[in-house]
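**Q** Prediction below, plus the sequence it came from.
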Amino acid sequence: MELRRNRGARALALVCVLGGVLLLVYPSDDALLRTIIAVGAIALGTVALVSAMRPFRFGIHTDGITIRRPGLRRDVRWPEVDALVLDEPPRRDGHPEPPRLLLVPVSGVTIEPLTARHPLDGRPAVELLVLDQVREQPEQVSAALTQYAGGRFVDLLALRRAAFEAPELPVGLRGYQMDRVDRLIRRGQDALMSGDASARQAARGEIERATTAGLPIAQRGYSTFQTDTVLDALVTALADHQSTDRETAT
């Protein structure tokens, strides 16, 4: 499977350059400020355009992965791969970050740069791809990696959704601090998919303590009612799994 480069970055870069040129061409009373803005837009657009024009190739096939992108040009064979993880970084101010594909090389194999960490065990990893760089959806990339990489690949996006699918929470004035809520939900999801009873108990306790003490309020945050409903459902899911663990042990 060959992934196709997303052309959105190139289009945005062209808009910046053209917008800057137009600002320079048309006269204005505040010429100095206009010139500064125009030059900044052209410079920013040019840098982005140069980056978007660099060679790019990402192929997933029987023998491994072929990568040709800025900072990494290599053919990685499956025996060199210890783990592949499709993960989504924590949200920022309620906004989802694009999923990324991480690779942990086999001991003794050098693949650089090791700028990331395996999200579950913390092993040094290479960030192979940020999925907003390509046109394919995460589900398509996951299907190809499942087919070719086998047990080396873990789709954390799908596992989290299967463990507990949290809805999009509405945002408004005077709501719960978004980063705090997102961390609690991620903590509960990771505990549910871990298969570890002590991890689920710890996550449940953390969520209950946070809600009992009162989640921090922000000027702009998640709706309190919907958030309380989701966190209650997450606590129930964690408790249900613990009950099942006890019944199995008995």
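**A** Nice, thanks for sending it over. Given the structure is predicted, the values throughout are model-derived calculations rather than measurements.
**Q** Find the centremost residue of this structure, please.
**A** By C-alpha atoms, centre = their mean, the chain has its centre lying nearest to residue 88, at 2.5 Å.
**Q** Okay, domains of this structure per the record?
**A** 2-53, 57-158, 171-249 (automatic domain parsing).
**Q** how near is the residue nearest to the centre of the chain to residue 98?
**A** Per C-beta to C-beta, to the nearest Å, residue 88 is found 8 Å from residue 98. Glycine gets a C-beta too; all of them are placed from N, C-alpha and C.
**Q** likewise residue 203?
**A** The value you get for residue 203 to residue 98, if C-beta to C-beta is used, is 26 Å.
**Q** Which one of those two is surrounded by more residues?
**A** residue 203 (23 against 12; other C-beta atoms under 10 Å).
**Q** So for the closest residue to that one other than its chain neighbours, what's the pLDDT?
**A** Among residues not flanking residue 203 along the chain, residue 191 sits closest, at 3.6 Å (C-beta to C-beta, 6 or more residues apart in numbering). Confidence at residue 191, expressed as pLDDT, is 93.
**Q** Please identify the helix or strand for residue 191.
**A** Element membership for residue 191 (DSSP states H and E) is helix 178-194.
**Q** Just list what that helix packs against, helices and strands only.
**A** Helices and strands touching helix 178-194, by 3 or more C-beta pairs under 8 Å, 6 or more residues apart in numbering; DSSP states H and E, are helix 156-163, helix 197-213, strand 217-222, helix 224-249.
**Q** Reformat the ones you listed as CSV; add mean pLDDT.
**A** Listed next are these as CSV, based on pLDDT from 0 to 100:
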stretch, mean pLDDT
helix 156-163, 92
helix 197-213, 94
strand 217-222, 94
helix 224-249, 80
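**Q** will you turn the ones you listed into TSV that also has distance to residue 80?
**A** Supplementary listing: the helices and strands packed on helix 178-194 in TSV, determined by distance: least, C-beta to C-beta, whole Å:
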stretch	distance to residue 80
helix 156-163	21
helix 197-213	31
strand 217-222	42
helix 224-249	36
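**Q** Minimum distance to residue 165: which of the domains of the chain has it?
**A** domain 171-249 (8.9 Å; C-beta to C-beta).
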